[in-house]
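> Here's my sequence, what's the structure:
(chains A, B, C and D)
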Protein chains: 2
Amino acid sequence: MRIAQLSAESGVPIPTIKFYLRERLLPQGEQTSATRAEYGPSHLRRLRLIRALLEVGRLPVATIRKITEAVDDDETDVHEMLGTAHYALSPAPEPAPDDEDWRDARVMVDRLVADLGWDRVRHDAPTRDELAQALVTLRRLDMPATRDDLLLHARVADALVKEHDIKKIPFDAPRDTAVEALVICQVLYGKAFDALRRLAQESESARLFDALPAPGDAGKGPSEAE
Amino acid sequence: MRIAQLSAESGVPIPTIKFYLRERLLPQGEQTSATRAEYGPSHLRRLRLIRALLEVGRLPVATIRKITEAVDDDETDVHEMLGTAHYALSPAPEPAPDDEDWRDARVMVDRLVADLGWDRVRHDAPTRDELAQALVTLRRLDMPATRDDLLLHARVADALVKEHDIKKIPFDAPRDTAVEALVICQVLYGKAFDALRRLAQESESARLFDALPAPGDAGKGPSEAE
DNA sequence: CTGCTTGGATAGTGTCGCTATCGATCGATA
DNA sequence: TATCGATCGATAGCGACACTATCCAAGCAG
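Model prediction:
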């Protein structure tokens, strides 16, 4: 397959494909001459993955490169590759650990991780800081997350991973298949869950709001005549 | 409070605060003279909200403006304001409904929403399209979401909203308090959940991977037997 | 031979979230 | 009163990022 066909089948413009090649998101095709290269189905597949992570996942190109580099490098063993993928998915918040609120939040996170038995999570995983950042922010907004709030969310996340993600990830498959599935689970199901939560919240909040005793009664009441 | 103090207490540089004022994210302070304006605690609060949505939520300024405009406009009733907030939180995927996969996905989404009894969700809610986009993308990556996958996620989202979000949102509070709580629940707990899911996945996938037949045997992969 | 495509390289574009600078105006202080 | 510095408002610039446009030499196909 030549670049024109790759572009046609993926819907990605040729200049953009060239850009991905330059950025090493997409491996080079097999050169058949100085001005020809042949691309295969794996390129098409990779291209679709890139677009999914960019458009749906909104991941920066640099993040995608970290993942694809680990996948394309045969030196990296599968275990390490999965770790790289996990860490690349953390948006890496700017480090500001010199703050008391921050350290408190980290302690809370570490305790939670330990209590849930997530003992394979490295202590320096950036994801911990990411969660801590969310907790600090909630505090500053006067809506601190209680331990129960956190536990509820954590148990739900744990259940979702065990009942869904783990079943979708083929650990015994070729390296690229496994890591792709992992990333897809994280990013696409993450987005899907986000959307579902918004839908549920829209439905519930509308229902609850309608059930309120009419506020003020001065004419602005909810849902009288609309 | 003058702008310098607002800056000091929030940690946001003065030029950035001016930028937010220009962009109407932050309401003007009370002008006391041509070159003086007085800011109150509500400004500090708003500023913290803006930073939370920008830094943690990664929301674009335009989205935040939609929300703050609805909050600051007294003409908007609370019901409408909550709706505005919900819809603003959808990243608004580019419209491409002229595709068969797309329509199939929308049908699947609509059926799901109906089956779960989320009957207050408007039929033209952008969130539906957002979810549909994720489904289309999963299909194209050869990992189509089954109806059971979707149901699992949806029920979990529903539970989380009913057991958590709804309890955190004070529907009878002043307009700004209510919408802030709603947005914070969506965005910050959304991020927190994301992080928790990654933590759970890291722990689980490491555990499962270790449990595989030793990969050392013959070169590159666990899983000799196939 | 001709015309089109390709690969490779370089430079430009549009968007976004700030950031820098300027001039006029005022308030507080010397 | 004179002066210094903070503030407002406006305009322009910056840096990152994801492309996009253009050019050129080298092929290959009719």
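
> from here on, contacts and neighbour counts on C-alpha atoms
OK.

> Spell out, range by range, the helices that occur in chain A.
For chain A, the helices defined by DSSP state H occupy A:3-10, A:14-22, A:41-51, A:61-72, A:78-88, A:100-115, A:126-140, A:147-160, A:166-168, A:175-184, A:190-211.

> Now those in CSV, please, with extra columns for mean pLDDT and distance to B:Ala200.
Compiled in CSV, the helices of chain A are given as follows (pLDDT from 0 to 100; distance: least, Cα to Cα, whole Å):
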stretch, mean pLDDT, distance to B:Ala200
helix A:3-10, 95, 33
helix A:14-22, 97, 32
helix A:41-51, 96, 23
helix A:61-72, 94, 19
helix A:78-88, 89, 11
helix A:100-115, 95, 9
helix A:126-140, 95, 10
helix A:147-160, 97, 5
helix A:166-168, 93, 10
helix A:175-184, 90, 12
helix A:190-211, 92, 13
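
> Reformat these into a markdown table and put distance to chain B next to each item.
Below are those laid out as a markdown table (distance: least, Cα to the nearest Cα, whole Å):
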| stretch | distance to chain B |
| --- | --- |
| helix A:3-10 | 10 |
| helix A:14-22 | 18 |
| helix A:41-51 | 7 |
| helix A:61-72 | 13 |
| helix A:78-88 | 7 |
| helix A:100-115 | 8 |
| helix A:126-140 | 5 |
| helix A:147-160 | 5 |
| helix A:166-168 | 7 |
| helix A:175-184 | 8 |
| helix A:190-211 | 5 |
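
> tell me the most buried of these?
The highest mean neighbour count among the helices of chain A, using mean count of other Cα atoms under 10 Å in any protein chain shown, belongs to helix A:126-140: a mean of 24.

> List the contacts of that helix.
With contact meaning Cα atoms under 8 Å, 6 or more residues apart in numbering or on different chains, helix A:126-140 is reached by A:87, A:90-93, A:101-102, A:105-106, A:108-110, A:144-145, B:48, B:52, B:56, B:184, B:188-189, B:191-192, B:195-196, B:198-199.

> of those, list those near DNA strand C.
For DNA strand C, no contacts are drawn from the contacts of helix A:126-140 by Cα under 7 Å from any atom of the strand.

> ok, now which ones touch the residue of chain A found nearest DNA strand D?
Ranking the residues of chain A by distance to DNA strand D (Cα to the nearest atom of the strand) places A:Pro60 first, at 3.2 Å. When contacts are counted by Cα under 8 Å, 6+ apart, A:Pro60 touches A:Leu54.

> Give me the phi and psi for A:Asp73.
phi -90, psi 110 (degrees, to the nearest 10).

> From A:Ile50, how far off is it?
Remark: distance between A:Asp73 and A:Ile50 (Cα to Cα, to the nearest Å) = 17 Å.

> again with A:Leu131
26 Å.

> okay, which residue is most central for chain A?
What sits nearest the mean C-alpha location of chain A, by Cα atoms, centre = their mean, is A:Val187, with 3.4 Å.

> Could you give the number of residues near the nearest residue to that residue once chain neighbours are set aside?
Ranked by Cα to Cα, 6 or more residues apart in numbering or on different chains and with sequence neighbours excluded, the top spatial neighbour of A:Val187 is A:Gly57, at 5.6 Å. When neighbours are counted by other Cα atoms under 10 Å in any protein chain shown, A:Gly57 registers 20.

> List the residues that contact A:Gly57.
A:Val187, A:Leu188, A:Lys191.

> Check those against A:Ser205 and report the nearest one.
A:Lys191 (20.8 Å; Cα to Cα).

> hang on, that closest one packs against A:Val56?
Yes: judged on Cα atoms under 8 Å, A:Lys191 makes contact with A:Val56 at a distance of 7.4 Å.

> could I get the helices of chain A as TSV with distance to B:Arg122?
TSV is the format used below for the helices of chain A (distance: least, Cα to Cα, whole Å):
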stretch	distance to B:Arg122
helix A:3-10	33
helix A:14-22	37
helix A:41-51	29
helix A:61-72	35
helix A:78-88	36
helix A:100-115	37
helix A:126-140	30
helix A:147-160	27
helix A:166-168	32
helix A:175-184	29
helix A:190-211	9
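
> Which one, of those, ends up nearest to A:Thr35?
Per Cα to Cα, nearest to A:Thr35 of the helices of chain A: helix A:3-10, 11.3 Å.

> helices or strands next to that closest one in the packing?
For helix A:3-10, the elements it packs on are helix A:14-22, helix A:41-51, judged by 3 or more Cα pairs under 8 Å, 6 or more residues apart in numbering or on different chains; DSSP states H and E.

> what residues does chain A put near DNA strand D?
Close to DNA strand D, as judged by Cα under 7 Å from any atom of the strand, chain A has residues A:13, A:15-16, A:18-19, A:32-36, A:54, A:59-62.

> do that again at 10 Å, thanks
Residues of chain A that fall close to DNA strand D, judged by Cα under 10 Å from any atom of the strand: A:12-20, A:22-23, A:31-37, A:50-55, A:58-65.

> about what we covered before: how close does the residue nearest to A:Val187 sit to DNA strand C?
Separation of A:Gly57 from DNA strand C (Cα to the nearest atom of the strand, to the nearest Å) stands at 16 Å.

> what pLDDT does that residue get?
A:Gly57 carries a pLDDT score of 95 in this model.

> Would you confirm that A:Tyr20 contacts A:Pro13?
No: the pair A:Tyr20 / A:Pro13 is not scored as a contact, 10.8 Å apart, by Cα under 8 Å.

> possible to save the helices and strands packed on helix A:3-10 as a markdown table with distance to B:Leu208?
A markdown table is the format used below for those (distance: least, Cα to Cα, whole Å):
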| stretch | distance to B:Leu208 |
| --- | --- |
| helix A:14-22 | 33 |
| helix A:41-51 | 25 |
